[in-house]
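Participant: Using only what follows, build the 3D model:
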Amino acid sequence: MVIVKLPKIHVDRGFKGYSTNDLISFADGIKFTGDADATNPIHTDIVIGGRSADLKTTHDSRQNDKSLAKTNLEHTQFNLLVGGLDDNANYLEIIANKVANEQADLDAGINVVNRIGYHYSIKEGAVKNIGFIDSGEGWAHAHEAKAVDGAEIHAWEVGIALAKGTPPTSTHKYFILEADVIFNHIDSGKVLAYRHGSLTRVSHIAKSATLATATSAKGKTTSMLEMNKANHPVFNITEDQKFEWGEWRYIIIQ
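Facilitator: Next up is the predicted model:
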């Protein structure tokens, strides 16, 4: 018997970057009740619908009452709804891949995701798409692999460009451990651009740390402990740390 390993169905989490109204609309379109395969979500449609209704009530009332208390309440309810949708997305992803594997039919699993109302993408093994992998009204989701093998820090430089292919002149830099970033609060029609980089590391030593000699800017010979798997990197505090940057990527925001 030949066993065919199917690509993995990924239930998209792009709703985490939605505006309040878009999140409410998305949540109201999710329906698990009566589905033949996804029969036991973490949160029922009634629970998700209740959280959505609570958020809508607070959001609508906040248009005339922008007090800190009301703002904090909306923020709390927004996160509560996102958390419920995320829990159910985790459950749905398991079910969709189970159905696909049992039937040896990728479309069968995709149909489950579509019936419930979530969005999906396909992952071939552990490989993920690179660049902008999803977007919506006012936001975009980007994924990047490490620019340097073995590096842990992801560096992101982002800004608004005049046009695709023209790097932005004003940018912000972010340094995080995540390979995924959602950029939001972007005006419709703007060209969002980013480039990704990783911290340039000191080379690994095979077994144990050694002292390496280096020449300073003043011509003096100094010693530096290089990094190995059991030691942290050593930085020169008188010099800016170097990053290796990839190409600029662009997307027009909805």
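Participant: From now on I want contacts and neighbour counts done on CA atoms only, so please keep to that.
Facilitator: Noted.
Participant: Bridged to the residue sitting nearest the centre point of the chain, which residues?
Facilitator: Central residue of the chain (C-alpha atoms, centre = their mean): Asp180, 3.2 Å from the mean position. Judged by DSSP bridges, the bridge partners of Asp180 are His143.
Participant: State the distance from it to Ile130.
Facilitator: Distance of Asp180 to Ile130, computed by C-alpha to C-alpha, to the nearest Å: 10 Å.
Participant: Report the set of residues contacting both of the two.
Facilitator: Taking C-alpha atoms under 8 Å, 6 or more residues apart in numbering as the contact rule, Asp180 and Ile130 both touch Ala142, His143, Glu144.
Participant: Which residues are in contact with the residue nearest to the centre of the chain?
Facilitator: Asp180 makes contacts with His141, Ala142, His143, Glu144, as judged by C-alpha under 8 Å, 6+ apart.
Participant: who touches stretch 35-48?
Facilitator: Contacts to stretch 35-48, defined as C-alpha under 8 Å, 6+ apart, come from residues 27, 30-33, 81, 84-85, 87-88, 91-92, 95, 99, 112, 115-116.
Participant: Tell me how far the residue nearest to Ile122 when sequence neighbours are not counted lies from Ile160.
Facilitator: Nearest non-adjacent residue to Ile122, counting by C-alpha to C-alpha, 6 or more residues apart in numbering: Ile9, 4.9 Å away. Distance, Ile9 to Ile160, using C-alpha to C-alpha: 32 Å.
Participant: Low-confidence ranges, the chain, go.
Facilitator: Counting by pLDDT under 70, the chain has low-confidence residues at 1-6, 123-129, 146-152, 199-242.
Participant: just so I have it, where are all the strands in it?
Facilitator: Along the chain, the stretches classed as strands by DSSP state E are 8-11, 120-123, 131-136, 139-143, 154-161, 171-176, 180-183, 191-199, 211-215, 221-225, 243-245, 249-252.
Participant: could you dump the ones you listed to TSV with distance to Asn64?
Facilitator: Formatted as TSV, the strands of the chain follow (distance: least, C-alpha to C-alpha, whole Å):
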stretch	distance to Asn64
strand 8-11	36
strand 120-123	37
strand 131-136	27
strand 139-143	26
strand 154-161	32
strand 171-176	33
strand 180-183	28
strand 191-199	32
strand 211-215	64
strand 221-225	60
strand 243-245	46
strand 249-252	33
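Participant: For Leu23, which of these is the nearest?
Facilitator: Across the strands of the chain, Leu23 has its closest neighbour in strand 131-136 (11.2 Å, C-alpha to C-alpha).
Participant: Neighbours of Gly189, how many?
Facilitator: Here the number of neighbours of Gly189 (other C-alpha atoms under 10 Å) works out to 12.
Participant: What of Ser135?
Facilitator: Ser135: 21 neighbours (other C-alpha under 10 Å).
Participant: Can you give me the distance of it to Phe183?
Facilitator: Using C-alpha to C-alpha, Ser135 is found at 9 Å from Phe183.
Participant: who touches both of those two?
Facilitator: Listed as contacting both Ser135 and Phe183 by C-alpha under 8 Å, 6+ apart are His141.
Participant: those helices in the chain, which residues are they?
Facilitator: Along the chain, counting by DSSP state H, helices occupy 20-28, 45-62, 68-103, 106-116.
Participant: will you turn the ones you listed into CSV that also has distance to Ile122 and mean neighbour count?
Facilitator: Formatted as CSV, these follow (distance: least, C-alpha to C-alpha, whole Å; neighbours: other C-alpha atoms under 10 Å):
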stretch, distance to Ile122, mean neighbour count
helix 20-28, 21, 18
helix 45-62, 26, 18
helix 68-103, 11, 18
helix 106-116, 9, 19
